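Q: Predicted model and sequence follow; I will ask about them next.
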There are 2 protein chains.
Amino acid sequence: MLPASPVKKEPSHEGHGNLQNRADLHTLFYPKNIAVIGVSHNPVSGIKYIKAHEVSGFPGGLYPINPKYSEIDGRKIYPSLDAAEVPEIDMAIIAVPAPNVPAVIRDCHKKKVKFAVIFTSGFAESGREDLDQELRQAIADGPTRVVGPNGLGVYNQESRVNFLFKRSFELPGNISYIAQSGGTTARLLMSLQTIGVGMQNAVSAGNMLDVSMADFLRYFRDEVKTKVVVLYMENVRDGRDFLAALRETTRVKPVIIWKSGQSDIGATAARSHTGSLAGSYQIWESALRQHGAIIAENFEEMRDFAAALSINQTLPNGNRIGIVVSGGGVGVEITDVVRTHNLEVPELTLETQRKLAEFIPDINSSFRNPVDLGEYGYVPHYYGRALKIITEDPNVDVVVTVREPERSPWFEESMNIKDIDNLNILALKIAMKVGKPIYMNLSPNSDLPEHHSLRYAFRARLIKEIGVPTIDYTPHVAKLLQQLVRYKKYLQQYL
Amino acid sequence: MLPASPVKKEPSHEGHGNLQNRADLHTLFYPKNIAVIGVSHNPVSGIKYIKAHEVSGFPGGLYPINPKYSEIDGRKIYPSLDAAEVPEIDMAIIAVPAPNVPAVIRDCHKKKVKFAVIFTSGFAESGREDLDQELRQAIADGPTRVVGPNGLGVYNQESRVNFLFKRSFELPGNISYIAQSGGTTARLLMSLQTIGVGMQNAVSAGNMLDVSMADFLRYFRDEVKTKVVVLYMENVRDGRDFLAALRETTRVKPVIIWKSGQSDIGATAARSHTGSLAGSYQIWESALRQHGAIIAENFEEMRDFAAALSINQTLPNGNRIGIVVSGGGVGVEITDVVRTHNLEVPELTLETQRKLAEFIPDINSSFRNPVDLGEYGYVPHYYGRALKIITEDPNVDVVVTVREPERSPWFEESMNIKDIDNLNILALKIAMKVGKPIYMNLSPNSDLPEHHSLRYAFRARLIKEIGVPTIDYTPHVAKLLQQLVRYKKYLQQYL
């Protein structure tokens, strides 16, 4: 659907100019073998990377390194990189104390290690500018490309390279996540997983002394399994190159960005990093928008936007929303939210209203927009027919429908409908065939543990079977749609 | 803590001037007997009110009325109000077709029924101005005071007057809710119940041809079991009287208002009602704020604010927030949110920082503000001690702490701590003794059904045992605190 980038590739990084950036990062996400330098009996030492890869079922070679040990819990420990029984090492994870890191990087250069991932912290972010300078010099002196320092490293659902625990490998996905802070990476992986959405790649990029956010953006732009790029950023060293990479990427696939530093304190922290682009959050936000990014203002928005775009990427042709509910109050509520985000709630055609009136009785119902189907909205047969008619209305670009999965058992009983959730999914499938995007707001009603399970199961089934994005918090639906309308316009400049 | 209202009471309503407004509404919420006019075999007829009161265990007399039946499902049906074997009727619920309602109101006058609650819709809201006028005239002609039409009626947790199902009676509470739309009433009751918060009174007030929002506000202002008033409003007939009642109430107890019509469509709907105060949402919002209301922008905010103020009403002495987290990323995130809502994140005193450094190791921790306790924040003994020290800091007015209940089992196992949730609650109890408000943000991490149960149980226990408000969605914490700081200043004008 989207054209390949018309932008000519410029060299994106000063150093390592002789390496093909693209091939490079593929090896980072698909390493054949991994050395971990700095393993000990301490569970937070490099041994945790060994364990993480054992647990995830990493199929390649694992080489734990520490000259002080020959064995830890039955694992053979190698005294050095050179001693590892492998001609070439794709990735070395470094977990030695900060003052020793530059020397280890020089060892990596000698061994022609393709990538070093530095977990160790204690450089510029801790005020140690001296160590930072020494590390930069060491990085510049050889062929090994470096991720970090002060980052958790790399995750790939397929290759099983990771820094996490087993659960995160359950689901394949199409999201690639670049985070400047390790904490959100685990949080996003887990949080998406629980709503049935998997991640393809993730990188906790740390201080980015070598491989930059721009490098990752360009890699994910071309990586075929990535359909959505999600970025958590605190600051940027080379703002111009970053924005260029962003522009190149947003023309090819959506990029969701959560930028911290919205407050003065956050901004001050960002400015204190050498080389970061100074400027307020407002300036940044405007620049990111102009380069086609979809902006999330907090973690929850980032998660909801990422899940939605992972599930369905049909962009709306305009900002006219058809709203389908059961119950007048919720109709007013969602209309208010949609309107305050500059989206239209147009009247439906008389033809649509007539078609609805043919089979939906005029009891507590309304066929204008928002359409209130009353209790008939809970009868899947009526619901599906109505949803399709509304989706087909020429005045409508997107349909937003409110649903409360926890009500299904009640309606199953009171209306004697068997298998109501599956019938609802069938109803949605019919409406989806019209080809316009449909979003579902799972309006919170009652949220007991048993209701949560129903909601969870309904959502997971919906995602698997049909691809309707579900969003719980009503304002997020409107905020995302507002930005997708803008993104569509942005793309049209290049079509 | 708060003074009684210094405002002289003015007659609040033109009609029924001879009735004591206050004594009146008490009977509405504590009726001894209820007649339901318009019961039939149709389950959505008045029979649903009979069933609702049977299910809730209403201890008073129930008199179903319909001249067409003498019996429905074993219940005796009376042909008329006069035939009911009771000298005085406190409440008549009217569920007859709209054209018959005025005549039934005149019957109520004759029988000297204290309150009529009109469930029937089909008056001004459906364009039937003729019926509306006829009903107004009928109401004006006698002593019966009228709630509605087009409303679900009245709920009281103690007296068991209600329009709902059994579950909503599980928990007593201190919230009184006035809603201009029936749908949100059930939703708020259920939604609060599931986080362990009960409601004391609720009224779905409908078109308010007689008893107005101002009447309900004044009643709840003086009703001793009400500690928080929550209001969902669409439009107001007598804006001046409403704002006067609001001002009188906010001086005595907090009033949370969710006003719909934030968009043009909502505003147009409000204006189309005769006598409603015209004007944009912005004008309304500003007026409500100036009269001391706490503004919720949507259902979820209303629910979170209501729950928080139901649990703890200690108002902050200022806007300086102490933030206590485990994990740097979440600290930056919540600081950003807090700062963008005009709250301060002050440096803690050197004394506080020194005290923390005495027992919290300097590993992935930070003793400035936000305070990051690292993994030690999950050891209840350390957590409680740190929380108390930070709460005592003279630079801090409010403490916000992030917690993820689903992590507890993991830390129980990895750190061999028994009964971690109870120990955490003990830790909070110690810090609460300082007397400053503490809010907990239950940051979403992973939300599997089993995690949801843990979260639910933790929250319910916290509410019962200690009174720490918990809010899941981070921005809501900051939005509420911003308004509580403002509310405190508003109150100080009258102290």
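A: Perfect, thanks for sending it. Residues are numbered from 1 along each chain as shown, chains lettered A, B, ... in the order given.

Q: so A:P64 is in which element?
A: Element membership for A:P64 (DSSP states H and E) is strand A:61-65.

Q: Return the distance of the helix or strand just after that strand from the chain's centre.
A: Downstream of strand A:61-65, the first helix or strand assigned by DSSP H and E is strand A:71-72. Relative to the mean C-alpha coordinate of its chain, strand A:71-72 is positioned 38 Å out (CA atoms, centre = their mean, to the nearest Å).

Q: Up against chain B, what does the stretch 1-150 of chain A have?
A: Proximity of the stretch 1-150 of chain A to chain B, by CB under 8 Å from any CB of the partner chain, involves no residues. All C-beta atoms are positioned from the backbone trio N, CA, C, and that covers glycine.

Q: elements contacting the longest helix seen in chain A?
A: Ranked by residue count and defined by DSSP state H, the top helix of chain A is helix A:474-492. Helix A:474-492 is packed against strand A:294-296, helix A:299-311, helix A:328-339, strand A:398-402, strand A:438-441, with contacts defined by 3 or more CB pairs under 8 Å, 6 or more residues apart in numbering or on different chains; DSSP states H and E.

Q: let's see 6 Å
A: helix A:299-311, helix A:328-339, strand A:438-441 (3 or more CB pairs under 6 Å, 6 or more residues apart in numbering or on different chains; DSSP states H and E).

Q: Using CSV, write out every CA atom in the longest one.
A: Meaning helix A:299-311. C-alpha atoms of helix A:299-311 as CSV (Å, rounded to 0.1, in the frame of the first residue of the first chain):
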residue,chain,number,x,y,z
PHE,A,299,3.0,4.9,28.7
GLU,A,300,-0.7,3.9,28.5
GLU,A,301,-1.2,5.8,25.3
MET,A,302,1.9,4.3,23.8
ARG,A,303,0.7,0.8,24.7
ASP,A,304,-2.9,1.4,23.3
PHE,A,305,-1.6,3.0,20.1
ALA,A,306,0.9,0.3,19.6
ALA,A,307,-1.6,-2.5,20.1
ALA,A,308,-4.1,-0.8,17.8
LEU,A,309,-1.7,-0.3,14.9
SER,A,310,-0.3,-3.8,15.4
ILE,A,311,-3.8,-5.2,14.9
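
Q: helix or strand right after it?
A: strand A:321-325.

Q: Against which helices or strands is that next one packed?
A: helix A:328-339, helix A:380-392, strand A:398-402.

Q: Select from those the stretch with the lowest mean pLDDT.
A: Lowest mean pLDDT within those: helix A:328-339, at a mean of 86.

Q: quick one on the thing from earlier: out of the helices and strands packed on helix A:474-492, which is closest to chain B?
A: For those, the distance to chain B is smallest for helix A:328-339, at 2.9 Å, taking CB to the nearest CB.

Q: Restricting to C-alpha, output the closest one in CSV.
A: This file holds the C-alpha atoms of helix A:328-339, laid out as CSV (Å, rounded to 0.1, in the frame of the first residue of the first chain):
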residue,chain,number,x,y,z
GLY,A,328,-27.9,6.9,25.3
GLY,A,329,-25.5,8.0,28.1
VAL,A,330,-22.5,6.2,26.6
GLY,A,331,-23.4,7.7,23.2
VAL,A,332,-23.3,11.2,24.5
GLU,A,333,-20.0,10.5,26.4
ILE,A,334,-18.1,9.1,23.4
THR,A,335,-19.5,11.8,21.1
ASP,A,336,-18.2,14.5,23.4
VAL,A,337,-14.7,12.9,23.5
VAL,A,338,-14.7,12.4,19.7
ARG,A,339,-15.8,16.0,19.1
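
Q: what about the closest residue in space to A:F305 that isn't next to it in sequence, which SS state?
A: With CB to CB, 6 or more residues apart in numbering or on different chains as the criterion, A:F305 has its nearest non-adjacent residue at 4.9 Å, and that residue is A:I256. Following DSSP: H, G, I helix; E, B strand; the rest coil, the label given to A:I256 is strand.

Q: how distant is the strand holding A:P64 from the center of its chain?
A: Relative to the chain's own centre, strand A:61-65 is displaced by 30 Å; criterion: CA atoms, centre = their mean.

Q: if we can go back for a sec, list the buried residues for the longest helix of chain A?
A: By 16 or more other CB atoms under 10 Å in any protein chain shown, the buried positions in helix A:474-492 come out as A:474-488, A:490-491.
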